[in-house]
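Student: Got a sequence here, can you build the structure:
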Amino acid sequence: KMADFKINSINNVSTICSRFKKQFGGGLKIYDGRSIASADTKIGDLAKSAIKRGSEVSANGNLLVKTFEARIKTAYGIRVNVTYANGRNCDDTTKLADLA
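Tutor: Purely as a prediction, here's the structure:
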């Protein structure tokens, strides 16, 4: 069983991206507006609105890419893009477990 992948507002971009890669084998692009966010930016600083204390998004391998991306957008107002290990963008219907 795949463990939950959790994100909270004090994580920075590089931490989340490396944890995502380690757990699912794919890439995660996190945006600051239209451009890719810098590695040392905290998620809470990217968020477009105040994040409720203790607010987090979790995901496991059965989650679809589009659902994961939508959860991040809903929780933090941040646009993310999930990619395959080779950097290609995923189809929305790909499961997180199938990225590697």
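Student: quick one: the nearest residue in space to G61 that is not next to it in sequence and I30, what's the gap?
Tutor: Using C-beta to C-beta, 6 or more residues apart in numbering and skipping the chain neighbours, the partner closest in space to G61 is A97 (3.0 Å). (Each C-beta comes from the backbone N, C-alpha and C, glycine too.) Using C-beta to C-beta, to the nearest Å, one gets 21 Å for the distance from A97 to I30.
Student: same deal with F5?
Tutor: If you measure F5 against I30 using C-beta to C-beta, the figure is 14 Å.
Student: cool, N11 as well?
Tutor: With distances defined as C-beta to C-beta, the gap from N11 to I30 amounts to 10 Å.
Student: Looking at A97 and I30, which one has more neighbours?
Tutor: I30 (24 against 15; other C-beta atoms under 10 Å).
Student: Show me which positions of the helix or strand containing that one end up buried.
Tutor: Here I30, judged by DSSP states H and E, is contained in strand 27-32. For strand 27-32, burial by neighbour count (16 or more other C-beta atoms under 10 Å) applies to G27, L28, I30.
Student: List the residues that contact the residue nearest to G61.
Tutor: M2, F24, N60, G61, N62 (C-beta atoms under 8 Å, 6 or more residues apart in numbering).
Student: same question, K95
Tutor: Per C-beta under 8 Å, 6+ apart, neighbours of K95: G61, N62, L63, L64, V65.
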